[in-house]
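Quick one, what's the 3D model for this:
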Amino acid sequence: MIAPIIVILLTQLIFSVTDLLARAHLRSTNLGVHSFLQPWFIAYAIIRILSTGAQFYVFTKIDLGKTVTLFSVAGIIFANILGVLFLKEILSPKDYIGVVLAVIALIILSIK
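Okay, the predicted model is just below:
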């Protein structure tokens with residue numbers, strides 16, 4: 001049995017990476033019906049559907065409120081890490097404090 005927190009982290013990482021994929025493709029073209037027929041979008045949708053299936057596993061193991069909070073916090077963490085690493089985004093010191101607090105929240109919520 002895989003620990004639910006590992007599934008949360010992996011699925012949120014996958015969601016964040018696919019968000020980068022979508023951002024990269026949608027910046028070069030306008031969003032339209034044609035976007036939904038592109039190979040990148042089909043891969044994006046399949047990957048996200050599979051990840052959502054993995055998230056259902058977590059819903060069976062952890063209370064809903066805690067689960068949604070963990071998913072949200074993990075999303076904040078990964079979005080900021082990927083933003084810094086791949087998009088060269090620079091946050092304000094206040095923003096970094098917020099991300100650190102999110103990391104602390106993830107740790108606290110992960111403890112049984």
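
wait, residue 90 sits on residue 84?
Yes - the pair residue 90 / residue 84 is scored as a contact, 7.5 Å apart, by C-beta atoms under 8 Å. For glycine as for every other residue, the C-beta is placed from the backbone atoms N, C-alpha and C.

okay, those two: which has more neighbours?
residue 84 (14 against 9; other C-beta atoms under 10 Å).

List the contacts of the more buried one.
Applying C-beta atoms under 8 Å, 6 or more residues apart in numbering to residue 84 gives the contacts 90-91.

try the one 3 residues further on
With contacts defined as C-beta under 8 Å, 6+ apart, the neighbours of residue 87 are residue 20.

what's the spacing between residue 102 and residue 4?
18 Å (C-beta to C-beta, to the nearest Å).

er, residue 51 I mean
14 Å.

Same check on residue 96?
For residue 96, the distance to residue 4 - C-beta to C-beta - is 28 Å.

now the longest helix seen in the chain, how far from the centre of its chain.
Longest helix of the chain, by residue count under DSSP state H: helix 4-28. Here helix 4-28 is found 5 Å from its chain centre; the criterion is C-alpha atoms, centre = their mean, to the nearest Å.

What helices and strands are in contact with that helix?
In terms of contacts (3 or more C-beta pairs under 8 Å, 6 or more residues apart in numbering; DSSP states H and E), helix 4-28 is packed against helix 39-59, helix 64-86.

got the angle for it vs helix 39-59?
Our comparison of helix 4-28 with helix 39-59, counting by axes from the mean of the first three to the mean of the last three C-alpha atoms, to 10 degrees, yields an angle of 160 degrees.
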